[in-house]
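**Q** I would like the atomic coordinates for the input below:
(2 chains)
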Amino acid sequence: MNLSYRVYYVFYRNLVSYKRFIVPTFLVSLIEPLFYLITFGIGMGAYIGYFGGKPYLNFLVPGVLVSSVMLSSTFECLYGTFVKIVHEKLYDSLIATPVSAEDAVAGDIAWASFRGLVSGTLMLMVASVMGVLPATLLSVPLLLVLMVLVGILFGSLAMIVTSFAPSFDFFNYYTELIITPMLFFSGVFFPLDKFPAWMKTFSSFIPLTHAVNISRAVFTGVYDRGLLFSFFYIFILEGIAFFIGLKSMKRRLIK
Amino acid sequence: MKTIVTAQKLVKKFGELVAVDGISFEIREGECFGFLGPNGAGKTSTIRMIHCVSPLTSGRLIVNGLPAHIDNRALKMMTGVIPQEITLDTDLTVYENLIVFAHFFSIPKREAKKRIADLLQFVELEAKKKVKIDELSTGMKRRLLIARALLNRPRLIVADEPTTGLDPQAKHLIWQRLRQLKTQGATLILTTQYMEEAQQLCDRVVIMHRGKILKEGVPSKLVAEEIGREVVEIRIPKEDDEKVLSDLASFSCGHERVGDTLYFYCRDGQGLMKKLVELDLHNYLNRPASLEDVFLKLTGRGLIE
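**A** Numbers count the residues shown, from 1 in each chain, chains lettered A, B, ... in the order given. Model (predicted):
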């Protein structure tokens, strides 16, 4: 492991290039969750009615929020990083400077987490306008920390996939077979308590389930001890994914 | 003169493929040292180990007193790399490319701005400061790569085929700039397939083939030792070889038949040329011997793939 403060330089490079994409990415980050919330929240909400004394929209927001963080950090480390490695050969010139391969990869993961944080925050603003707010203002920082962690976790996982991807098409396996199903197993759209026991067990291994639980607690204001475990679980997984992501990417970069 | 790079029994393998096969060489401070060779000779693999982006398989490689290693940031700090491929950041403008790169070397912003202004002038790109990379010509991109490689004021400059795909004007401008850098005291390591480029720039060269060094020396001396001073090329059918060779037997020139051409390597081609006029042959050419002849003689005139 050869990490240094130079991670920031790579983050800075992404920030400079972001200037040109800021309008389209902000629009996408705003419009995409809007679609989710309007169609599911209002359309499906009309059938489902009230959930624990509150409209369905209130159930939906916390889950959709963390999934938008997951999706944007995932895509950044899949497509964004792949372009930088294969098409633009950016990493080749980077590792010839005092910036190490680990610095470069960690910089991109940090960037992916930042992109996730931006998406999540925009989503939070949209939800506020629609009247869905965290239980107290004090719990907002907790939500922001959660978004950063989720961003690093899914950025790192995507980095592992990118480290052995031969082409863009390969990413479909990951997004269609792992990321999308995760949305349905983690309690984003409906509660998991009607799942049979084995499915519940399965869900409890999915990191997104734990992120959704924490996020939902922030909005309902109902915390329990299980959340501490959820936080810990995400934290540990993130550490492992980050470590493997850096190692496997270095193997791809240094030959 | 002090040596800046010492390689002993350097080996680089990619799986089963041996790219560099136990080579040893020394590069002196302040000289321009060239690696010549056909595609796949191991030139790029060698210099990638020198500038610390590729680990050695075995052997010893010392650069400026330190072992070359992929995590050796001190060496990367004093090295400037002009890559073979155009690895500019296409999301950024010319200026942004340089300022971001200056960051990678921890150059303070004010100092970076000063250096960028000087370097853009040095490579004649001041007018393109705010232009995006896609809008530059290949020559401009190559010049920008040179400016980028100089941001950290490198003592060692590694250039991997720096003029590939350029028109003569752009090529000569780059040669001038590289020579200028050498007079300013930098050590230059160059790989090239263009023999003219090696003759224009290099103090010493090694000729590589299949991962090994075939020959090492000063370009002009190599030409004189291996080939002589002049080359006479005669294009005649192979059947006529015997007759022509017996007619020209009195001249002490080495000869070689390759494809449609009979080559003569002479100290002085004048007598031979007169004789050719007498023999009434038409399709011939007399020219000074070049590094290219050495190169082709050593690596074979056949296609290398």
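
**Q** which ones are touching A:Arg251?
**A** Counting by CB atoms under 8 Å, 6 or more residues apart in numbering or on different chains, A:Arg251 touches A:Ser163. The C-beta positions use only the backbone N, C-alpha and C, and glycine is treated the same way.

**Q** quick one: pLDDT of the spatially most central residue of chain A?
**A** Using CA atoms, centre = their mean, the residue of chain A that lies closest to the mean C-alpha position is A:Met70, 2.0 Å off. Listed pLDDT for A:Met70 reads 95.

**Q** Nearest residue to it in space, please, no chain neighbours.
**A** The shortest distance from A:Met70 to any non-neighbouring residue, by CB to CB, 6 or more residues apart in numbering or on different chains, is to A:Phe154 (4.7 Å).

**Q** what about that neighbour, distance to A:Val145?
**A** Remark: distance between A:Phe154 and A:Val145 (CB to CB, to the nearest Å) = 15 Å.

**Q** what do you get for B:Lys132?
**A** Separation of B:Lys132 from A:Val145 (CB to CB): 37 Å.

**Q** Go through the helix or strand containing B:Leu262 and flag the buried ones.
**A** Assigned by DSSP states H and E, B:Leu262 belongs to strand B:261-266. Buried residues in strand B:261-266, defined by neighbour count with 16 or more other CB atoms under 10 Å in any protein chain shown: B:Leu262, B:Tyr263, B:Phe264, B:Tyr265, B:Cys266.

**Q** OK, contacts around the residue of the stretch 151-300 of chain B at minimum distance from chain A?
**A** At 7.9 Å from chain A, B:Asn152 is the closest residue in the stretch 151-300 of chain B, using CB to the nearest CB. Neighbour list for B:Asn152: A:Thr97, B:Met77, B:Met78, B:Gly80, B:Ala102, B:Phe105, B:Ile107 [criterion: CB under 8 Å, 6+ apart].

**Q** What score does it have for pLDDT?
**A** 94.

**Q** Tell me the secondary structure at it.
**A** Assigned by DSSP: H, G, I helix; E, B strand; the rest coil, the conformation of B:Asn152 is coil.

**Q** Check the one 10 residues further on too.
**A** Under the three-state scheme (three-state DSSP), the conformation of B:Pro162 reads as coil.

**Q** Is the closest residue to it other than its chain neighbours bridged to anything, and to what?
**A** In this structure, B:Pro162 finds its nearest non-sequential neighbour in B:Ile82, 5.0 Å apart by CB to CB, 6+ apart. In this structure, B:Ile82 bridges to B:Ala159 when assessed by DSSP bridges.

**Q** any chance you could map the helices in chain B?
**A** Here chain B has its helices, by DSSP state H, at B:43-50, B:73-77, B:94-104, B:109-122, B:138-150, B:168-183, B:195-201, B:219-226, B:241-247, B:270-278, B:291-299.

**Q** For the fourth one, what is the distance to the chain centroid?
**A** The reference is to helix B:109-122. Its chain's C-alpha centre and that of helix B:109-122 lie 28 Å apart, by CA atoms, centre = their mean, to the nearest Å.

**Q** Taking their axis directions, it and helix B:94-104 sit at what angle?
**A** Interaxial angle, helix B:109-122 versus helix B:94-104 (axes from the mean of the first three to the mean of the last three CA atoms, to 10 degrees): 130 degrees.

**Q** Tell me how many other residues surround the residue nearest to B:Ala68 when sequence neighbours are not counted.
**A** Of all residues not flanking B:Ala68 in the chain, B:Leu61 sits nearest, at 4.3 Å (CB to CB, 6+ apart). Using other CB atoms under 10 Å in any protein chain shown, B:Leu61 has 19 neighbouring residues.

**Q** show me the contacts for B:Leu61.
**A** Counted by CB under 8 Å, 6+ apart, B:Leu61 has contacts B:Val5, B:Thr6, B:Ala7, B:Gln8, B:Leu10, B:Met49, B:Ile50, B:Pro67, B:Ala68.

**Q** got TSV for these, with distance to B:Lys275, neighbour count and pLDDT too?
**A** Formatted as TSV, these follow (distance: CB to CB, whole Å; neighbours: other CB atoms under 10 Å in any protein chain shown; pLDDT from 0 to 100):
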residue	distance to B:Lys275	neighbour count	pLDDT
B:Val5	48	21	96
B:Thr6	50	15	96
B:Ala7	47	23	96
B:Gln8	50	13	97
B:Leu10	48	25	97
B:Met49	51	25	96
B:Ile50	49	23	96
B:Pro67	59	12	94
B:Ala68	55	24	94
